[in-house]
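Engineer: Fold the stuff below for me.
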Amino acid sequence: MKKQGILTIVSGFSGAGKGTLMKRLLSQYQEDYCLSVSATTREPRKGETDGKEYFFISVELFEQMIETGQLLEYAKYLDNYYGTPKNFVLDKLDSGVNVLLEIEMQGALKIKAQYPETLLIFILPPSVPLLEQRLRGRGTETDEVIDARLKRAHDEMEFIKNYDYIVVNDHLDTCTERIHQIVVNEQYRVHRNREFINRIERELLAYQKGE
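Structural biologist: Residues are numbered from 1 along each chain as shown. A predicted model of the protein is given here:
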């Protein structure tokens, strides 16, 4: 049975630990997952490599990719484009690799509308006080920024109903394993294995006919 990779989008509040979870998942299950590499028109920062952190391309090429439908989703921030190249993702999925994509909710729903087979997972903290503690623990943001992030989290709650699963990030290793098991279980859903099921049905029919 040929395994088709699953496009898995992970979203959640700022401070929920999405990035840390993705790194742990990629580290523990290197052969099963890859992280989607976004394209951007901004200049590479020191230490960044084309094709690893981002595909660094020109504005002209990015806008051409928009016009020709080569992006799953895209957005513009601070005069720079960011987007998800379609071919990179689809090629990985066809090879049986699960593609992880960490993006915000609006972009996730746009992709889900185009590709209903996409798996949407929303990461939640065990509690709001712990979420605030994690945000303050970064030591990189002002009280005003933290308050704004918590208010935004309240607004983002409305998107959860559109996701397939929630995962509570109470313990890094436990949460990583939860996500992995969700993806593994998804691979065995009946609607994802129609081709294999149809082949077994044809073989049984041939057996009954004595072929």
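
Engineer: use CA for all of it now, contacts and neighbours both
Structural biologist: Noted.

Engineer: number of nearby residues for I200?
Structural biologist: Residues near I200, counting by other Cα atoms under 10 Å, number 12.

Engineer: Any stretches of this structure with poor pLDDT?
Structural biologist: Confidence mapping of the chain against pLDDT under 70 gives the ranges 1, 211.

Engineer: residue boundaries of the strands in it?
Structural biologist: For the chain, the strands defined by DSSP state E cover 7-12, 33-35, 38-40, 54-56, 71-77, 80-85, 98-102, 119-124, 165-168.

Engineer: how's the chain carved up into domains?
Structural biologist: 1-32+101-211, 36-96 (automatic domain parsing).

Engineer: hang on, the earlier thing: closest one to G47 among the strands of the chain?
Structural biologist: strand 54-56 (11.7 Å; Cα to Cα).

Engineer: Would you agree E132 is in contact with L150?
Structural biologist: Yes - counting by Cα atoms under 8 Å, E132 does reach L150; the two are 7.5 Å apart.

Engineer: ok, now which ones touch M105?
Structural biologist: 11-12, 156, 159 (Cα atoms under 8 Å, 6 or more residues apart in numbering).

Engineer: What is the nearest of those residues to K76?
Structural biologist: Comparing these against K76 with Cα to Cα places S11 closest, at 18.7 Å.

Engineer: Report how many residues lie close to that closest one.
Structural biologist: 26.

Engineer: circling back: quick one, which of the strands of the chain gets closest to I146.
Structural biologist: Smallest distance to I146 across those (Cα to Cα): 15.4 Å, for strand 7-12.

Engineer: partners of that closest one, with directions?
Structural biologist: Here strand 7-12 is paired, per DSSP bridges, with strand 98-102 (parallel), strand 119-124 (parallel).

Engineer: next one: the first one to chain centre, how far?
Structural biologist: I take that to be strand 98-102. Here the centre of strand 98-102 is set off from its chain's centre by 4 Å, with Cα atoms, centre = their mean, to the nearest Å.

Engineer: Contacts made by it with the rest, please.
Structural biologist: The contact list for strand 98-102 (Cα under 8 Å, 6+ apart) reads 5-11, 18-19, 22, 32-36, 89, 92-93.

Engineer: again, but for the longest one
Structural biologist: Strand 119-124 is contacted by residues 6-13, 16-18, 108, 112, 160, 163-169 when judged by Cα under 8 Å, 6+ apart.

Engineer: Selection in PyMOL covering whichever of those residues are buried, please.
Structural biologist: Buried residues among those (16 or more other Cα atoms under 10 Å), as a PyMOL selection:
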select buried, resi 6+7+8+9+10+11+12+13+16+17+18+108+112+160+163+166+167+168+169
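
Engineer: got the CA coordinates for stretch 169-189 in PDB?
Structural biologist: The C-alpha trace of stretch 169-189 is given here as PDB (Å, rounded to 0.1, in the frame of the first residue of the first chain):
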ATOM      1  CA  ASN A 169       0.800  21.500  25.100                       C
ATOM      2  CA  ASP A 170       1.200  20.500  28.800                       C
ATOM      3  CA  HIS A 171       4.400  18.500  28.300                       C
ATOM      4  CA  LEU A 172       6.800  18.700  25.300                       C
ATOM      5  CA  ASP A 173       7.400  15.000  24.800                       C
ATOM      6  CA  THR A 174       3.800  13.900  25.500                       C
ATOM      7  CA  CYS A 175       2.500  16.600  23.200                       C
ATOM      8  CA  THR A 176       4.900  15.700  20.400                       C
ATOM      9  CA  GLU A 177       3.800  12.000  20.600                       C
ATOM     10  CA  ARG A 178       0.100  13.100  20.500                       C
ATOM     11  CA  ILE A 179       0.600  15.000  17.300                       C
ATOM     12  CA  HIS A 180       2.500  12.100  15.700                       C
ATOM     13  CA  GLN A 181      -0.200   9.600  16.700                       C
ATOM     14  CA  ILE A 182      -2.900  11.900  15.200                       C
ATOM     15  CA  VAL A 183      -1.000  12.000  11.900                       C
ATOM     16  CA  VAL A 184      -0.400   8.200  11.900                       C
ATOM     17  CA  ASN A 185      -4.100   7.500  12.600                       C
ATOM     18  CA  GLU A 186      -5.100   9.900   9.800                       C
ATOM     19  CA  GLN A 187      -3.100   7.800   7.400                       C
ATOM     20  CA  TYR A 188      -5.400   4.800   8.000                       C
ATOM     21  CA  ARG A 189      -8.700   6.600   7.500                       C
END
